[in-house]
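>>> pasting a predicted model and its sequence here:
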Amino acid sequence: MQDPNKKIAAASILTAFAASLCCIGPLLFAAAGLGVFGAATLFSSLRPYLLVSSGLLLAAGFYFTYRPREVVCEDGTCKKVTASRASKSLLWFTAVLVLIFAFSPYFTGFLLPKVSASNPVAQKPSTQTIAFQVEGMTCGGCAANVESAIKGVSGVKQADVDLETKTARVSFDRDKVDRKDLAEAVKKAGFTPVLK
């Protein structure tokens, strides 16, 4: 019989990775030089279910690894054995990876470059600065995703997205860009702009 631990470990890692895609997806896309990651909100809404699935799969892995097994010996006596050291190592490695993915929303913001608020864009007559709310952001990766989407709009001079206040502050050339363009960029990234 094939050891189920490898399949359980792979499924645990895969579901935990999918649960953290809302946060690490933008980092992966930015590292690859690709555009925004619009599926972030989909993974964000599925995150609790994926994390529960990961936890259940890990629990099953621990059960199958550490449960006593009866083995019938040739002389008719039975002895109890547990999983091999390799299986236990694989399980603990999987548990650590799942924890890293599960807690990624809390540290991805630290991996992103900070935009200095003390260096504002010099205001030219055609430059306008607005601030608006962005709904749907749950982690630093979400904020980076929104910021990247806004900066991708031609005519945007500076964009700063704050996760704590869920606010985007954007300086742009109003001759090239209008508020609708900014709202559309945020929507394409998978978030909801609240422009007044």
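Sure, I can see it.
>>> and the longest helix along the chain, average pLDDT?
In the chain, ranked by residue count with DSSP state H as the criterion, the top helix is helix 40-66. Averaging pLDDT along helix 40-66 yields 77.
>>> cool, and stretch 143-158?
Rounded mean pLDDT across stretch 143-158 is 88.
>>> and it, what's buried?
143-151, 153, 156-158 (16 or more other CB atoms under 10 Å). Backbone N, C-alpha and C define where each C-beta goes, glycine included.
>>> would JSON lines of the residues you listed with secondary structure and distance to Ser54 be doable?
Formatted as JSON lines, the buried residues of stretch 143-158 follow (DSSP: H, G, I helix; E, B strand; the rest coil; distance: CB to CB, whole Å):
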{"residue": "Ala143", "secondary structure": "helix", "distance to Ser54": "24"}
{"residue": "Ala144", "secondary structure": "helix", "distance to Ser54": "24"}
{"residue": "Asn145", "secondary structure": "helix", "distance to Ser54": "23"}
{"residue": "Val146", "secondary structure": "helix", "distance to Ser54": "26"}
{"residue": "Glu147", "secondary structure": "helix", "distance to Ser54": "29"}
{"residue": "Ser148", "secondary structure": "helix", "distance to Ser54": "28"}
{"residue": "Ala149", "secondary structure": "helix", "distance to Ser54": "29"}
{"residue": "Ile150", "secondary structure": "helix", "distance to Ser54": "32"}
{"residue": "Lys151", "secondary structure": "helix", "distance to Ser54": "33"}
{"residue": "Val153", "secondary structure": "coil", "distance to Ser54": "36"}
{"residue": "Val156", "secondary structure": "strand", "distance to Ser54": "38"}
{"residue": "Lys157", "secondary structure": "strand", "distance to Ser54": "42"}
{"residue": "Gln158", "secondary structure": "strand", "distance to Ser54": "39"}
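>>> so where does Cys142 fall, helix or strand?
Secondary structure assignment for Cys142, by DSSP states H and E: helix 140-151.
>>> check which helices and strands that helix sits against.
If contacts are counted by 3 or more CB pairs under 8 Å, 6 or more residues apart in numbering; DSSP states H and E, helix 140-151 sits against helix 21-31, helix 40-66, helix 104-111, strand 156-162, strand 167-173, helix 179-188.
>>> what's the top strand by length along the chain packed up against?
What stands out as the longest strand in the chain, according to DSSP state E, is strand 127-135. Helices and strands touching strand 127-135, by 3+ CB pairs under 8 Å, 6+ apart, are strand 167-173, helix 179-188, strand 192-194.
>>> of these, which is nearest Ser126?
strand 167-173 (5.3 Å; CB to CB).
>>> and stretch 156-165, what's buried?
For stretch 156-165, using 16+ other CB under 10 Å, the buried residues are Val156, Lys157, Gln158, Ala159, Asp160, Val161, Asp162, Leu163.
>>> so the second one touches Ser171, yeah?
Yes: between Lys157 and Ser171 there is a contact under CB atoms under 8 Å: 4.6 Å.
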